[in-house]
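Student: Below is the sequence, then the predicted model.
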Amino acid sequence: MSFEMPELTTILALGADLKGAFAIAQDDSSEPARLFGPFGDLSEERNFDRWVGEIERRLDGRIPAIVVVDRHPLYHSRLWGRRFAEKVGARLLEVQHHFAHSLVPLEEAGYEGEKKREEGRKGESRLQPPFLGLIMDGTGYGLDGTIWGCEVLFVGKSISFERLGHLFPVTCPGGDAAAREPWRMAVSWARAAGIKKEELQDLAARIPAPFFDGVWNLAGTGRPLTTSAGRAFDAAAAFLDFALSTEGEAEAARSLQNAADGVETGERLSFSVEGKCLDLRPTFREMFEKKTRGSKQASLARAFHDALAGGVVELVAANAPREAKDVVLGGGCFLNGILRERIIGLLKERGFEVVVPRSGPSDISLPLGQVAFARMAFRSQRWKNNVK
C-alpha cells in the first residue's frame, strides 16, 4: 500500500504517556525534528492539558500530514492522536514502542535512507541500517499483546523489524500496580524460579496476608506476561529489601543502583541464554539462596547488575546477524550508569559498535524515533504490520 503526500510534509510525533514529550518535523528538511517536553505523565489531567496546548501552539496553524503514535491501545497520547488525525485529515501511523527507541539516533543524525557511513557530530559515525536495538525499559506494548521491556531488535532497510531476543517472560501481577509495588514482581520471579511460597516468609511478613496470597495466585496465571527489565530491577530491589513500594518512577531500580554503586565485583549470579531467551530464573534463585545464607545485600545488588548486563550481551551476540555490528541502546534502564557502562564495555569486547542517543535513552527522546519511522515510511512507500 502506498499514499501520496504533498511536497512539504509536516510530521507530528506524540511519543508515549509517561514523559509527555512530542516532536515536529518537516520531511523536506535535512534538519532533525524539534523535540518538546517533557510535560509529565499524561494520565494526569493538568499535564495532558499543558501537552495539548503546547502542541497547538508549536504547530502554529500548520496542519500535519502525518501523525505518529505509540501502539499502546490505552495511551492518552494515542487516543488524542487518533482523534486529531481524523479531525485534520492526517495519515495516522502507529509504531511499536521499542522499535521507535531503536530509531532515535537516525533522526538525531539525519536519516538519508541509503546505505552509507559519514562522519557525524564530534567524530561519531552516522548510523545506517542494518543495525541492532537493545532496548531495556519498564513497559512497552508488544506486537503479541504482552508487556515488552528487554528486547533485542534487528532493524533492516525496510520499515519493519525482527525481534531477535528477549527476557524470559513472567507474570506481571496486577499490571501497572506492579510498578508501584515492586514486591509483586519479587513474588512473580520467585514463583517462576521455583521458590516455594513458605520460603518467602520474610517477605510475606511485611505484606497483608490477603494481598500476598492473592499476588502469589496471580503470579501463577501468566496474565499479563512481561519481559520487562525494569520490572526485573523492581523484583531484585524487593528481594533485597531495598523497596517494597514506591512513590516515583524507577524509585526501586534507583535504590538497587545506589546500593551497588562503589561495590567491587565479587559475588556471582548465573543466568541462562537459550535461543532467543535470556532466563533470569537462575539469577533470582541464587540471589535468594545467597541472601538467606548471609551474603551482603549491596554485593548482591552489584551481582544482579553484572548478571543482567552479561546476559543481555550474550543474548545479543548469540542472535545478531553478521551484517549488524552497530547496537543502539535505548530505554530508561540505560539511565543506570552501572548497567550502561557494563553493557557498553561487554559489547565492545564482542566487536560491536555502540550508539547511545544524544537526546538520552528514555521516553523523552522517543518522538524522534517516531519521526524517523515516518520518514522511512514516506520515502519507501512500503507498509508492513507495524503500520495502520
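Tutor: Yes, it's here.

Student: Pass me the low-pLDDT residue ranges in the stretch 101-250 of the chain, would you?
Tutor: 111-125 (pLDDT under 70).

Student: Now do the helices in it.
Tutor: For the stretch 101-250 of the chain, the helices defined by DSSP state H, counting those that start in this stretch occupy 177-180, 183-192, 201-204, 209-219, 229-239.

Student: How about the stretch 251-388 of the chain?
Tutor: 251-260, 281-292, 297-319, 337-349, 366-380.

Student: buried sites along the longest one?
Tutor: Within helix 297-319, the residues that qualify as buried by neighbour count (16 or more other CB atoms under 10 Å) are 297-317, 319. To be clear about C-beta, it is placed using only N, CA and C from the backbone, and glycine gets the same treatment.

Student: if we can go back for a sec, please identify the most buried of the helices of the stretch 101-250 of the chain.
Tutor: The highest mean neighbour count among the helices of the stretch 101-250 of the chain, using mean count of other CB atoms under 10 Å, belongs to helix 229-239: a mean of 29.

Student: Against which helices or strands is that one packed?
Tutor: Here helix 229-239 touches strand 131-141, strand 147-155, helix 177-180, helix 183-192, helix 251-260, helix 281-292, helix 297-319, going by 3 or more CB pairs under 8 Å, 6 or more residues apart in numbering; DSSP states H and E.

Student: May I see the ones you listed organised as JSON lines, with distance to Gly165 added?
Tutor: Listed next are these as JSON lines, based on distance: least, CB to CB, whole Å:
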{"stretch": "strand 131-141", "distance to Gly165": "9"}
{"stretch": "strand 147-155", "distance to Gly165": "4"}
{"stretch": "helix 177-180", "distance to Gly165": "23"}
{"stretch": "helix 183-192", "distance to Gly165": "18"}
{"stretch": "helix 251-260", "distance to Gly165": "21"}
{"stretch": "helix 281-292", "distance to Gly165": "16"}
{"stretch": "helix 297-319", "distance to Gly165": "4"}
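
Student: Relative to Ser77, which of the ones you listed is closest?
Tutor: For the helices and strands packed on helix 229-239, proximity to Ser77 was assessed by CB to CB; strand 131-141 is nearest, at 12.2 Å.

Student: so what strands line up beside that closest one?
Tutor: Note on strand 131-141: by DSSP bridges, its sheet partners are strand 147-155 (antiparallel), strand 326-330 (parallel).

Student: relative to helix 337-349, how tilted is it?
Tutor: Relative orientation of strand 131-141 versus helix 337-349 (axes from the mean of the first three to the mean of the last three CA atoms, to 10 degrees): 150 degrees.

Student: Could I get the buried residue list for strand 131-141?
Tutor: Phe131, Leu132, Gly133, Leu134, Ile135, Met136, Asp137, Gly138, Thr139, Gly140, Tyr141.

Student: Out of those, the closest to Glu286 would be?
Tutor: Of those, the one sitting nearest to Glu286 (CB to CB) turns out to be Met136, at 21.1 Å.

Student: for the closest one, what are its contacts?
Tutor: Shown in contact with Met136 (CB atoms under 8 Å, 6 or more residues apart in numbering): 149-151, 229-230, 312, 329-334, 339.

Student: can you put the residues you listed in TSV and add distance to Leu368?
Tutor: Formatted as TSV, the contacts of Met136 follow (distance: CB to CB, whole Å):
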residue	distance to Leu368
Gly149	20
Cys150	22
Glu151	18
Ala229	21
Gly230	21
Val312	23
Leu329	15
Gly330	11
Gly331	14
Gly332	15
Cys333	19
Phe334	15
Leu339	22
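
Student: and which of these is nearest to Thr265?
Tutor: Leu339 (13.4 Å).

Student: so what are the domain limits for the protein?
Tutor: 10-117+362-380, 129-357 (automatic domain parsing).

Student: distance between stretch 65-76 and the chain's centre?
Tutor: The chain centroid and the centroid of stretch 65-76 are separated by 16 Å under CA atoms, centre = their mean, to the nearest Å.

Student: Can you give me the buried ones in it?
Tutor: Ala65, Ile66, Val67, Val68, Val69, Asp70, Arg71, His72, Tyr75, His76.

Student: Give me the local confidence score for the nearest residue to the last one once chain neighbours are set aside.
Tutor: Residue nearest to His76 in three dimensions, not counting chain neighbours: Leu42, with 4.4 Å by CB to CB, 6 or more residues apart in numbering. Per-residue pLDDT puts Leu42 at 97.
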